[in-house]
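Return atomic coordinates for the entry below.
(2 chains)
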Amino acid sequence: MSSFANTLLMLTATFIPFAAALVLLFVPKDRSGIIKKGALIGTVLSFVLSIPFFFAYDRTSDAVQWAQSWSWIPSLGVRFSVGMDGISLLLWLLTTFIGPIAILCSWEAITERLKEYYIWLLVLQTAMLGVFITQDMFLFYVFWEVMLVPMYFLIGIWGGPQKLYAAIKLFLYTLAGSVLLLVAVLAIYFLQAKTHGTLDFSLESFQAMAPVIAQQTKTYQTLLALAFFVAFAIKVPMFPFHTWLPDAHVQAPTAGSVILAGILLKMGTYGFVRFLLPIFPTAVKDLMPWFIAMSLIGIIYGALVAMIQKDMKKLVAYSSVSHLGMCMLGIFALNPYGFKGALFQMINHGISTPGLFLAVAVVYDRRHTRMIADFGGLSETMPIYSTIFMIMTMSSIGLPLLNGFIGELIILQGSFQAFPWAAVVATTGIILGAAYMLWMFQRVMFGPISDVNRKMTDLTPREMVVFAPLVIMAVWIGLYPRPLMEIMDRPVAKLVRQVNPDYYLAPSASSDQEKAKREGMQGMVAPGTDENSNLTETSEEK
Amino acid sequence: MNESTLIPLISASQPVSYLWLIPFLPLFGFLINGLTGRRLRNNQWVNGIALGSVAGSFLLSVFYFLYLLQLPESSRSLHQSLWTWFDVGAAQIAGQRLTFATVEWAYKFDVLSAAMALLVTGAGFLIHLFSTGYMEEEQKDFRYYRFMAYLNLFVFSMLNLVLGSNILMMFLGWEGVGLCSYLLIGFYFNKTYAGDAAKKAFVTNRIGDFGFMLGFFLIFMIFGSLDYDTLMGSARSLMALPSITLFGHTAAPTFWMNLIGGCLFVGAMGKSAQIPLYVWLPDAMAGPTPVSALIHAATMVTSGLYMITRLNFIFVNAPAALHLILFIGALTALLAASMGLAQYDIKKVLAYSTVSQLGFMFMGMGAGAFTAGMFHVFTHAFFKACLFLGSGSVIMACHHEQDMRNMGGLRKYMPWTFWSMLLSTFAIAGIFPFSGFFSKDEILWKVFEGWYEGGTYEGSTLYLSAWLMGMVAAFFTAFYMMRLICMTFLGNYRGGGEDPYHLTVPGDTHGHDAHHVGTHVPHEVPWNMWVPVFILALLAVGSGFLNVPHALHFLGHAYFSEWLTPILYQVGAATEGVEVVSKVEYALMIWATVIWAPGAMALAYWFYAADPSWSRAKTFVKNYPNLFEWVHARFYIDEFYEALLITPTKRLAGQLWSFDTWVVDGMVNGAARATLLFARASYWFDTYIVDGLVNFVAWLLQQFASLFKAFQSGRVQNYAFVTLLGFVLLMLFKFLG
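Numbering: from 1, shown residues only, chains lettered A, B, ... in the order given. Sure, this is the predicted structure:
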């Protein structure tokens, strides 16, 4: 079947950056031109190869597509199994999309130990891509951990003045969560061995454990769920696990910030959607009030703290805390609007926040300062730059016609359906969002211009090339989000059935009944007919 | 609905196919100018694109308007869907139902949007034309193309707002106009106050958006749709329900409608500058004057009114929300009009006047007279745009002077401008037969009618108090407008050094450039500036006859109200038959137009023109210094907000940051430090206890071993001796034991 060839193509796209890194190992380190071009070619090739998957994805199915599985460590039941559903596909595409941008924005900024830098960047790229295609918990954990190493070096070597502090903080903080995750994964693994007598790390079997886990004691469930929760909440990061983020962002080189904001944070939200919710639907519902409270605090708190930052990078970092709080709120709504909105928000945040970090880098490269107070009136000498900054600001604020609006609106609608008061509180976040972003914009772009700033030049062609794809994506998603919506349609419906099984059983208008049936019943056996059947066992392409 | 084609196929047989061009032409204008303007640096080209696109939209609007005219009344609605914008899937709405509603990117050209589209493109075109003259100085530098591009973007957004066929399209335009407003207020971005004003406008509007969003979330939860046609179609059946259950709360439909209406009105408060969110509008005058005319007088600020009229089927069923609107409208009308009495900046006077007039419109809405309120939107657009543009001409003629104390006597230098503004002043004051008379008096009458109730005087006293506030506001309006005319156009020109009464003050810096005090002579502005002003003045004079109240049926017909009938929700059975015209209505009309407004104008004339030294006005201020000070300082409401909201928010943000640094991050660093401390302790333990134990054991063994060390002498004699000793001892045991 050609499906096998497709899987190989998917793996190729995933591992090309790594292959490029291996090749670069053999390039002499003073050939900086070749190294840079090699890295760029590696990521661009990966991106180009990933595009066909966007079109080839079967939007009518909620199954994992292009799935393949090879035996890896048979004695432990570990398999090298890969495949993607719509949710992972979109984030995987976002990663391949951000890759070349990260390379390009380092082009002139990185001059020291250049070879190592690009090698680490490429390794990181493959590790991140791997996280999204894996269908095996063990393999997931491997990628999840591997990802941390290049990031550690990127910040620790090429970072700002306090790079070591930030790098170690990032590493240890995330590792602490990962260890909890590992313990919880093993607990489920052994529980499975005990109940089913099988040794299996596959994601599917883990999700199928949900009913078994639901029968365990409450403490057991809560502890396991919390272990997952903490691991992912640190990565998101949710309040109060967020303090590594501003440090990491401020100290990281631009590409590090771009990848951190664009992809790495989404690992956390992805973890929630992929693991925590489907595996622990019952425990999650019990803990829901806490989760919602943390999301809301994140939204408001992140925005308020962002408001008074003096360092532009720190401001954007705290805005991430706020935006991802919004994202988490959407996820916890446990309905299609919430999930889709959250997915959109992940993608949008992966476009607008890298855009903002890049924008900060533009002035940093010219002035070697990121303090808001050092700037002012840049609109006068840098009109193109100020236009792009404005677009990214508006995208971040959630202005219609741009991508941010789609995500925020759907999340708020979804959470309004589930818990109206929380949605009301979250909606005030959009006021604060406008306040801190516009205040920064005003202080940087408006007002009288100083003589030092007057000498600053507008964007170079290379910088425009870096920004152009982000702007195009922002406008495209804002105007016509439907293609993305279609891709997430079925997987989200499946997710809703997993975590909120009664949702689709509600009565619907006669004209909508067909749709309700299609979304709600697909792959679902009528409840109670078969003991072995559960909501997660959907027919999977084999 | 499931069409995946992006842009519809254009076929000539379907006239509706070109509908999308009405909003999109200005968008193209924006894109072309925005992308090429900087490189080409050709102002003729920029003007051609900007004006041409808006003119094209206007002509298309006229075409479709005529097309609607020849259709029967019930089918006057064109609809064009371009693509599916939102298709999110299942949503659980009121009564635990599932809905799969989608939101189309679609345009709807019906009676209301037609009227608004004509206004936006028509007034928009005139103001674009005016800008080509007014922005003369900017044409020399790089900023001009940006200005025209923003104006086009504004027209695009505004047309989306009025032509969109669902609430999300309206919201799209709603936010879009907010963005353009932000960009244009901050156009002179190197001035600090412009940036501040722009941000203030945006953030204040966001507070309104908060309400608007909650409003349409609720609409979606209750109606299961956001499409106007669907909403209006299901309103009646929803109202017939005994109760609606949402979020576990069961209440009568009216309760939910009131809630929705209240939320939506918060949105309207922001965009249409009502108490308590009006504070951004006066500051917005930091933008160039054409912007004030187009965005902050004629079109954008009326969005709230448009929204209420569009969703009238909700408000009709929301009596409490309507009462709130009536009250807030009346209060705004009065308060803003009083603030206008004591301003010296010519644009500030007009800004407060706009807030006040918007209050009038909301009063009309609150009284349930949607068409009356909407009609005032139109007449106000004409006379206020005229006044703003006129003031722009004045400011330009006086070399960027905005303080009216430094003007005067401009009548003889700028006759076109003077007459245009004077006519508009009559219109806004409500003098018969100028347009304001027909629109404002209709509103006031409708409010009065709420109390009057066909001669029984048994209506709610809320109507009476609102009417009284409105009457006082109308008096103030006539006064401050006449004051403006007197200070600006009558008397002697004080800017040229001729100032016998020492009335001038050092220039306010609220112009775009510091003004040059010199002995220059003001001059009439070029044709591309006075012609638009004059056309608007003619409209301000004559447009009243488009909606003649029934009481004056001999003068004409209520064409406007009848035109809007199809979109109005009829409560119960349509009220048939003729309105009863009472003597009270005539009496009030005569009172308003013969005594009340002219009286106020005469008073202003008496203060400021009949007495060129303004000694009467000065005496008045001297006698009531606190009163003047408070009004002049706009009752310190901005300062109040600053102290009550903004400063505490910033302080809270600062405190939270300290919390973040010392507590949240403190815990993380604390954990790190604790770990280090523990590590040190472990090291100590390891060194002294664990290793100590090891060493102790070793030491002990050593000590123990040293006991026997003595024996290990290495001397054979000693070993032999010990062996012998052992042998002897063994022998002894053997034989004795």
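
Residue B:528: how many residues sit nearby?
Residue B:528: 15 surrounding residues under other C-beta atoms under 10 Å in any protein chain shown. In this view, the C-beta of every residue, glycine as well, is placed from N, C-alpha and C.

tell me the phi and psi of it?
Residue B:528 adopts backbone torsions of phi -70, psi 0, taken as degrees, to the nearest 10.

And for residue A:371?
phi -70, psi 130.

What separation is there between it and chain B?
With distances taken as C-beta to the nearest C-beta, to the nearest Å, residue A:371 is found 16 Å from chain B.

And the pLDDT for that residue?
pLDDT for residue A:371: 90.

beta partners of it?
Counting by DSSP bridges, residue A:371 is bridged to residue A:311.

Please look at it and residue A:313 and confirm they touch.
No. Judged on C-beta atoms under 8 Å, residue A:371 makes no contact with residue A:313 at a distance of 10.0 Å.

For the two, indicate the residue with more neighbours.
residue A:313 (22 against 11).

secondary structure element for the more buried one?
Here residue A:313 is covered by helix A:312-332, with elements defined by DSSP states H and E.

Output that helix in PDB with nothing but the alpha carbons.
Presented in PDB, the C-alpha positions along helix A:312-332 are these (Å, rounded to 0.1, in the frame of the first residue of the first chain):
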ATOM      1  CA  MET A 312      10.200  43.900  25.500                       C
ATOM      2  CA  LYS A 313      11.200  40.300  25.500                       C
ATOM      3  CA  LYS A 314      10.000  39.800  29.000                       C
ATOM      4  CA  LEU A 315       6.700  41.500  28.100                       C
ATOM      5  CA  VAL A 316       6.200  39.100  25.200                       C
ATOM      6  CA  ALA A 317       7.100  36.200  27.500                       C
ATOM      7  CA  TYR A 318       4.500  37.200  30.000                       C
ATOM      8  CA  SER A 319       2.000  37.700  27.200                       C
ATOM      9  CA  SER A 320       2.600  34.100  26.400                       C
ATOM     10  CA  VAL A 321       1.500  33.100  29.900                       C
ATOM     11  CA  SER A 322      -1.700  35.000  29.300                       C
ATOM     12  CA  HIS A 323      -2.300  33.600  25.800                       C
ATOM     13  CA  LEU A 324      -1.700  30.000  26.900                       C
ATOM     14  CA  GLY A 325      -3.900  30.500  29.900                       C
ATOM     15  CA  MET A 326      -6.600  31.300  27.300                       C
ATOM     16  CA  CYS A 327      -5.600  28.200  25.400                       C
ATOM     17  CA  MET A 328      -5.900  26.000  28.500                       C
ATOM     18  CA  LEU A 329      -9.300  27.400  29.300                       C
ATOM     19  CA  GLY A 330     -10.500  26.300  25.900                       C
ATOM     20  CA  ILE A 331      -9.200  22.800  26.400                       C
ATOM     21  CA  PHE A 332     -10.900  22.500  29.800                       C
END
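
Show me what that helix is packed against.
Helix A:312-332 sits against helix A:244-251, helix A:265-271, helix A:281-307, helix A:336-367, helix A:403-418, helix A:420-445, with contacts defined as 3 or more C-beta pairs under 8 Å, 6 or more residues apart in numbering or on different chains; DSSP states H and E.

how far out from the middle of the chain is that helix?
Centroid displacement of helix A:312-332 relative to its chain, using C-alpha atoms, centre = their mean, to the nearest Å, is 12 Å.

What are the buried residues along it?
A:312-332 (16 or more other C-beta atoms under 10 Å in any protein chain shown).

Then stretch B:93-107?
B:93-95, B:98-107.

swap in stretch B:366-386?
Quick answer for stretch B:366-386 (16+ other C-beta under 10 Å): B:366-386.

Mind telling me which residue is nearest the centre of chain A?
residue A:266 (1.9 Å; C-alpha atoms, centre = their mean).

Surely that one touches residue A:93?
No. Between residue A:266 and residue A:93 there is no contact, the gap being 11.9 Å when judged by C-beta under 8 Å.

Skipping adjacent residues, who's closest to the one residue in the stretch 101-250 of chain B that gets nearest to chain A in space?
Nearest to chain A, among the residues of the stretch 101-250 of chain B, is residue B:195, at 3.6 Å (C-beta to the nearest C-beta). Spatially, and ignoring its direct neighbours in sequence, residue B:195 is nearest to residue A:446 (3.6 Å; C-beta to C-beta, 6 or more residues apart in numbering or on different chains).

Residue A:192 too?
Nearest non-adjacent residue to residue A:192, counting by C-beta to C-beta, 6+ apart: residue A:209, 5.7 Å away.

Contacts only, for that neighbour.
A:188, A:191-192, A:279 (C-beta atoms under 8 Å, 6 or more residues apart in numbering or on different chains).

so which of those residues is the most crowded?
Within those, residue A:279 tops the neighbour count with 27 neighbours, counted by other C-beta under 10 Å.

check contacts around that one.
Taking C-beta under 8 Å, 6+ apart, we find residue A:279 in contact with A:188, A:206-207, A:209-210, A:213, A:228.

And it, how far from chain B?
Distance of residue A:279 to chain B, computed by C-beta to the nearest C-beta: 23 Å.

In the chain, where is pLDDT below threshold?
As the question left the chain open, I've gone with chain A. A:1-2, A:509-511, A:517-542 (pLDDT under 70).

wrong one, I was asking about chain B
B:1-15, B:142, B:496-502, B:504-520, B:572-581, B:737.

Can you give the strand pairings for the longest strand along chain A, parallel or anti for each?
When chain A is parsed with DSSP state E, its longest strand is strand A:65-73. Sheet pairing of strand A:65-73 (DSSP bridges) gives strand A:78-84 (antiparallel).

Contacts only, for the residue nearest the centre of chain B.
The residue lying closest to the centre of chain B (C-alpha atoms, centre = their mean) is residue B:271, at 2.5 Å. Contact partners of residue B:271, counting by C-beta under 8 Å, 6+ apart, are B:174, B:177-178, B:205, B:208, B:300-301, B:303-304.

repeat for residue B:556
For residue B:556, the contact set (C-beta under 8 Å, 6+ apart) comprises B:545-546, B:548.

Check these one by one and keep those near chain A.
With C-beta under 8 Å from any C-beta of the partner chain as the criterion, these include none near chain A.

With neighbour count, distance to residue A:430 and secondary structure as added columns, please give these in a markdown table.
Formatted as a markdown table, the contacts of residue B:556 follow (neighbours: other C-beta atoms under 10 Å in any protein chain shown; distance: C-beta to C-beta, whole Å; DSSP: H, G, I helix; E, B strand; the rest coil):
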| residue | neighbour count | distance to residue A:430 | secondary structure |
| --- | --- | --- | --- |
| B:545 | 16 | 44 | helix |
| B:546 | 20 | 40 | helix |
| B:548 | 20 | 45 | coil |
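
Chain A: which of these is nearest?
Of all these, residue B:546 has the smallest distance to chain A: 33.2 Å, by C-beta to the nearest C-beta.

Which residue lies closest in space to the closest one, excluding its sequence neighbours?
Looking at residue B:546 with C-beta to C-beta, 6+ apart, the closest residue is residue B:560, at 4.9 Å.

Provide the secondary structure category for that neighbour.
What DSSP: H, G, I helix; E, B strand; the rest coil gives for residue B:560 is helix.

Am I right that it is in contact with residue B:370?
No. With contacts defined as C-beta under 8 Å, residue B:560 does not count as touching residue B:370, sitting 11.3 Å away.
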